[in-house]
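Participant: return a 3D structure for these sequence lines:
(chains A, B, C and D)
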Protein chains: 2
Amino acid sequence: MSQPTEHSPERPTGRAVPTSADVARLAGVSRATVSYVLNNTSAVRISEPTRRRVREAAEELGYVPHAAARSLRAGHSRMVLLPASHVPVGPLYSQFFNEFQWALRRLDYTVVQYGSVGLEGEEAARAWAELRPVAVVSLGEVQLTGQGVEILKRSGARAVITLGTQEVEGTHALVMDQGRVGEAATAHLVESGRRRIGVVIPEEPGLAMFSGPRLDGARRAVEGTDATVVPLPLRYEEESAAGLAARWRELGLDGVFAYNDEYAMLLMRALQDAGVAVPEDTAVVGADDLLLGRLLRPRLSTVRIDMVLGRELAELVDRAVREPESPPRTRALLASEVVRRESS
Amino acid sequence: MSQPTEHSPERPTGRAVPTSADVARLAGVSRATVSYVLNNTSAVRISEPTRRRVREAAEELGYVPHAAARSLRAGHSRMVLLPASHVPVGPLYSQFFNEFQWALRRLDYTVVQYGSVGLEGEEAARAWAELRPVAVVSLGEVQLTGQGVEILKRSGARAVITLGTQEVEGTHALVMDQGRVGEAATAHLVESGRRRIGVVIPEEPGLAMFSGPRLDGARRAVEGTDATVVPLPLRYEEESAAGLAARWRELGLDGVFAYNDEYAMLLMRALQDAGVAVPEDTAVVGADDLLLGRLLRPRLSTVRIDMVLGRELAELVDRAVREPESPPRTRALLASEVVRRESS
DNA sequence: ACGTGTCACTGACACGTGTAACTATCTCGC
DNA sequence: GCGAGATAGTTACACGTGTCAGTGACACGT
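Facilitator: Take a look at the predicted model:
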């Protein structure tokens, strides 16, 4: 609109985006030469003076290659696609994620997190396939179906890796066996003499994927014993916790696995305020081994979870890309270990 | 280097990825017709039977358009690029981020988070520019220079928006004035009669961007009063907090702004263990208003921060894209308010 | 004089898509 | 019988890049 001294009717932005042809023109060489120089193609020899002229021209024009055109021509990209997560994730996951990105970059992949909020199943798979990634690493928020995997593979993806709570047909699946977390926590409570054991189920959406298997694991742990398990819906709010604590005696519970440390802290405070002694009347166990859990009195017992290493996962991706014919393998993860402190 | 068994020169995957030409062949029409049908181009009329044949052919082949080719032809994309964050961020930020993504998708943009871990300044800008995004929203981890902004704009980006702690030349800048957080917290302490006020500075890397301005704000708050400010380096570990608490009497502090609620909880526990009464001997104020802070005894006083709304930011991006000639505006953010509880 | 080889490049094509310009066929008014 | 207009398509080009095959120019051995 009001740029001072621009009057070219062509481009609203004023000047066009420079291409390799512009660089070639300015350097007085052919476009092919430009490509050879800027990509350091070893099969072709270009004299040193020419190389310099090309580099200087590129610098002067501020030339940046067009990634889309490049990968169109090449027929493939080294892009690894990660559907962007929309679950509020903790620091544990955050650290894993950075490590993973860093490792992939080391292996010369381009990591792209693609926001597919609001898309589901097959539709999401199609949106991802449009980008022609060489690999897709789904972190479990979007449930990938066998159909979706087929779409991705047909679009040229050489590897589809899922990191979630269950196996997906046709993919390299890293299954985080959340059940073992619930099992370990509950077994610990049973061993320390508890008999009626509550299991907190967060009411927040998006966590069912974790809480379900954890509850199943808890049930497994009491099989063959005289202990029983009681599911306890809970919202992450003080009122909800207070309401639950008020019904505690009537529920007759003497132990609780509280999903994770945050819910455990919330519930433990509510119990104490309601006059329930921890651990005497009721033992409380969380999960994730957060630092904050150690600050409470009594100190919170927890389940420490060994997350998969980011570097390890990156190597798996790389191997899967290089050998796309190797059959997809499923691997179980999530070694977990009870850390007993004072609340149990 | 050492890939073991690569000897198929043509296509390792066996069958090729279907293109619109394949669809055209199967449907017995021209490629243009396929494009018109699949894009619902309104300017051209295609009969209903033909439309059906094309759609069925596309379905049968599992055709998915090639995003790179498409945006190459179109000359632009509706991609908004977000440099991926590698700061361990809290739930507050996480929520904002999801809202932002969702709102942008509503406006028909494609959100891509690009992992530029390990790249810096101009190099990072160049990597982003290769993707030819229509807008770049930098969330502050990577410091964008004026030079970098120039590269991006020359590559066709119609808007560069920075959300950070300081303004960047040539961009629409949303400046989160972290100083006001420190100022509000410290002013509150001064008003309640405290005179020697500690300000926690996390030693974790990546947080300096926030802690520095907060300290400055604290200093501003004591100007013209007889109160003083003492910086307190602290690692997010129990030992570090215990060490600091052990020196408390010798430091002679009677109030502390602990950077945020998590550090505040850590420090408050250490102080109590060291025999320092809160709030009688020392008042403690955190920031972020986490639920967990309300669980402690005494309940933690804090600074509630009104984050920018994701939807609001998305609309700003959209406006900037549609009117690229409008001059970049800088806006200050971060209204913050002290929530007094029991620890101060 | 001639084949062979090396050096330093250039010409031309292909990747997959969107769309402006064109064509062929049919209908209708007069 | 014939131009005008609608209908239903098709042909051809452009986007920016990588790379194969070719092309002069020159050197060298026989």
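Participant: for the residue positioned nearest the centre of chain A, phi and psi?
Facilitator: Geometric centre of chain A, nearest residue: residue A:139, 4.3 Å, by Cα atoms, centre = their mean. Main-chain torsions, residue A:139, degrees, to the nearest 10: phi -100, psi 20.
Participant: give the contact list for it.
Facilitator: If you count contacts by Cβ atoms under 8 Å, 6 or more residues apart in numbering or on different chains, residue A:139 has them with A:82-83, A:85, A:163-164. Heads up, the C-betas are built off the backbone N, CA and C, glycines and all.
Participant: one more time with 10 Å, if that's ok
Facilitator: By Cβ atoms under 10 Å, 6 or more residues apart in numbering or on different chains, the contact set of residue A:139 is A:82-85, A:87, A:89, A:93, A:96-97, A:100, A:113, A:161-164, A:174.
Participant: surely residue A:251 touches residue A:243?
Facilitator: No - under the criterion of Cβ atoms under 10 Å, residue A:251 makes no contact with residue A:243, lying 11.9 Å away.
Participant: all strands for the stretch 101-250 of chain A, in order.
Facilitator: A:110-114, A:135-138, A:159-164, A:172-176, A:196-202, A:228-234 (DSSP state E, counting those that start in this stretch).
Participant: for these, which one ends up most surrounded?
Facilitator: Comparing these by mean neighbour count (mean count of other Cβ atoms under 10 Å in any protein chain shown), strand A:135-138 ranks first with a mean of 26.
Participant: can you tell me the SS state at whatever residue of the stretch 201-344 of chain A ends up closest to DNA strand C?
Facilitator: DNA strand C sits closest to residue A:324 of the stretch 201-344 of chain A, with a gap of 17.7 Å, by Cβ to the nearest atom of the strand. Here residue A:324 is coil, with the state taken from DSSP: H, G, I helix; E, B strand; the rest coil.
Participant: what does the stretch 1-150 of chain A have sitting close to DNA strand C?
Facilitator: Contact residues, the stretch 1-150 of chain A versus DNA strand C (Cβ under 7 Å from any atom of the strand): A:28-33, A:36, A:44-47, A:49-50, A:69, A:72-73, A:75.
Participant: show me which of the residues you listed neighbour DNA strand D.
Facilitator: Residues of these in contact with DNA strand D (Cβ under 7 Å from any atom of the strand): A:31-32, A:36, A:44, A:69, A:72-73.
Participant: tell me the least confident of those residues?
Facilitator: pLDDT is lowest at residue A:44 among those; the value there is 89.
Participant: secondary structure element for the residue nearest to that residue when sequence neighbours are not counted?
Facilitator: In space, and not counting its chain neighbours, residue A:44 is closest to residue A:36: 4.8 Å by Cβ to Cβ, 6 or more residues apart in numbering or on different chains. Using DSSP states H and E, residue A:36 maps to helix A:31-38.
Participant: could you do residue A:29 as well?
Facilitator: Using DSSP H and E, no helix or strand contains residue A:29.
Participant: list the contacts for it?
Facilitator: Each residue near residue A:29 by Cβ under 10 Å, 6+ apart is listed here: A:23, A:36-37, A:46, A:50, A:53-54, A:57.
Participant: just the buried ones among the residues of the stretch 1-150 of chain A next to DNA strand C, please.
Facilitator: In these, burial by neighbour count holds for A:29, A:33, A:36, A:50, A:69, A:72, counting by 16 or more other Cβ atoms under 10 Å in any protein chain shown.
Participant: quote the end-to-end distance of stretch A:35-51.
Facilitator: Using Cα to Cα, to the nearest Å, the end-to-end distance of stretch A:35-51 comes out at 11 Å.
Participant: beyond the helix or strand bottoming out on mean pLDDT in chain A, next helix or strand please.
Facilitator: Here the helix or strand of chain A ranked lowest by mean pLDDT, DSSP states H and E is strand A:330-333, holding a mean of 73. Using DSSP H and E, the next helix or strand after strand A:330-333 towards the C-terminus is strand A:335-339.
Participant: got a pLDDT number for the residue of the stretch 201-344 of chain A closest to DNA strand C?
Facilitator: With respect to pLDDT, residue A:324 has a value of 82.
Participant: quick check: closest non-adjacent residue to it.
Facilitator: Excluding the flanking residues, the one nearest residue A:324 by Cβ to Cβ, 6+ apart is residue A:158, at 4.0 Å.
Participant: surely that neighbour is in contact with residue A:322?
Facilitator: Yes - shown here, residue A:158 and residue A:322 form a contact pair, counting by Cβ under 10 Å, at 8.3 Å.
Participant: who has more neighbours out of those two?
Facilitator: Each of residue A:158 and residue A:322 has its neighbours counted (other Cβ atoms under 10 Å in any protein chain shown); residue A:158 has more, 20 against 15.
Participant: from DNA strand D, how far off is that one?
Facilitator: Distance of residue A:158 to DNA strand D, given as Cβ to the nearest atom of the strand, to the nearest Å: 18 Å.
Participant: and residue A:252, by the same measure?
Facilitator: Residue A:252 is 70 Å from DNA strand D, by Cβ to the nearest atom of the strand.
Participant: that residue is in contact with residue A:194, isn't it?
Facilitator: No - with contact taken as Cβ under 10 Å, residue A:252 and residue A:194 are classed as non-touching, separated by 11.6 Å.
Participant: quick one: contacts for residue A:18?
Facilitator: Taking Cβ under 10 Å, 6+ apart, we find residue A:18 in contact with A:25-26, A:57-58, A:60-64, B:154-155.
Participant: mark which of the residues you listed are buried, thanks.
Facilitator: Buried residues within the contacts of residue A:18, counting neighbours by 16+ other Cβ under 10 Å: A:25-26, A:57-58, A:61-64, B:154-155.
Participant: mind putting the residues you listed in TSV, secondary structure, distance to residue A:134 and pLDDT included?
Facilitator: Formatted as TSV, the buried ones among the contacts of residue A:18 follow (DSSP: H, G, I helix; E, B strand; the rest coil; distance: Cβ to Cβ, whole Å; pLDDT from 0 to 100):
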residue	secondary structure	distance to residue A:134	pLDDT
A:25	helix	34	96
A:26	helix	34	96
A:57	helix	32	97
A:58	helix	27	96
A:61	helix	31	95
A:62	coil	29	94
A:63	coil	26	96
A:64	coil	22	96
B:154	helix	29	92
B:155	coil	24	93
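Participant: cheers, nothing more for now.
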